[in-house]
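J.: Take this sequence and fold it.
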Amino acid sequence: MDISLYYQILDIGIVYEKGGQRGKRWRIGERKRLKEEMIFWRKIIEDISQEKEGSSSGEGVFDSLENLCKKYKFPNYERILEKKEELMDYTDIFQRDEQEENKLRSFMEVLLSDAEKNLDGREGKDAVYRLLSILHNLPKAMHGKNILNPNFSPISYQDALRYAEGYMDGKMKKVYERYLV
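T.: Presented below is the predicted three-dimensional model:
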């Protein structure tokens, strides 16, 4: 499966979740659902590395996505599952800057890890959704044409980092400063 699709799936999932914060307290089952989805996202990031080394993980991604959708009824992923066959054969000519991609992918891993840590606390809801807001533009810089969203406008690596920095307070900028340069 083309690497761009992994980033498109991440993009769709993260954008959907970042807008899902309701209230200040965790709702019943919300943490569990988010944790499982974040595990799925982390697996996608790992699959990107495997795909770069030549082993395809596309079927596994779709199997995990199907299981997740059966359990939680995610409307944002349904169109992906409907186009499974078309997506498995899709190739994109988008040329990624290897160094920038590795930097952004590492940054995404760190942000997801930090968000997962905040899922365990009773007071971490605002922090989780803030981290999702920081994260939501990073996958957009990693793919060209978006066949899952025809209205998509690509952004540059620098713009993605600038947008991420815009969601941070001073303390967060210090914590993540090595990724922002």
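J.: now the helices for this protein?
T.: 3-18, 30-52, 58-72, 75-82, 84-88, 98-119, 125-135, 157-166, 170-175, 177-180 (DSSP state H).
J.: Counting by contacts, list what the helix or strand of the chain with the lowest mean pLDDT packs against.
T.: Sorted by mean pLDDT, DSSP states H and E, the helices and strands of the chain end with helix 84-88, the least confident at a mean of 81. Applying 3 or more Cβ pairs under 8 Å, 6 or more residues apart in numbering; DSSP states H and E, one finds that helix 84-88 makes contact with helix 58-72. C-betas here are computed from N, CA, C, even on glycine.
J.: Give me the distance from the helix it packs on to the chain's centre.
T.: Distance, stretch centre to chain centre, for helix 58-72: 15 Å (Cα atoms, centre = their mean, to the nearest Å).
J.: could you check the angle helix 30-52 makes with that helix?
T.: Here the directions of helix 58-72 and helix 30-52 differ by 170 degrees (axes from the mean of the first three to the mean of the last three Cα atoms, to 10 degrees).
J.: ok, so what distance separates Lys24 from Lys32?
T.: 18 Å (Cβ to Cβ, to the nearest Å).
J.: More neighbours: which of these two?
T.: Lys32 (13 against 8; other Cβ atoms under 10 Å).
J.: hang on, the earlier thing: give me the contacts around the least confident helix or strand of the chain.
T.: With contacts defined as Cβ atoms under 8 Å, 6 or more residues apart in numbering, helix 84-88 is touched by 1, 5, 58-59, 62, 80, 147.
J.: Which entries within these meet the buried criterion?
T.: Applying 16 or more other Cβ atoms under 10 Å to those, the neighbour count classes 1, 5, 58, 62, 80, 147 as buried.
J.: just the residues you listed: which has the poorest pLDDT?
T.: Minimum pLDDT across those is recorded for Ile147, with 68.
J.: so what's the closest residue to Tyr157 other than its chain neighbours scoring on pLDDT?
T.: Distance criterion Cβ to Cβ, 6 or more residues apart in numbering; nearest residue to Tyr157, sequence neighbours excluded, is Glu100 at 4.3 Å. pLDDT recorded at Glu100 is 89.
J.: what about Glu100, neighbour count?
T.: Counted with other Cβ under 10 Å, Glu100 comes out at 16.
J.: same check, this time on Tyr7
T.: The burial count for Tyr7: 28, using other Cβ under 10 Å.
J.: list the contacts for it?
T.: Tyr7 touches 48, 139-140, 142-143, counting by Cβ under 8 Å, 6+ apart.
J.: okay if I get the residues you listed as a markdown table plus pLDDT and neighbour count?
T.: As requested, the contacts of Tyr7 are exported to a markdown table (pLDDT from 0 to 100; neighbours: other Cβ atoms under 10 Å):
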| residue | pLDDT | neighbour count |
| --- | --- | --- |
| Ile48 | 88 | 20 |
| Pro139 | 90 | 26 |
| Lys140 | 88 | 22 |
| Met142 | 83 | 26 |
| His143 | 77 | 24 |
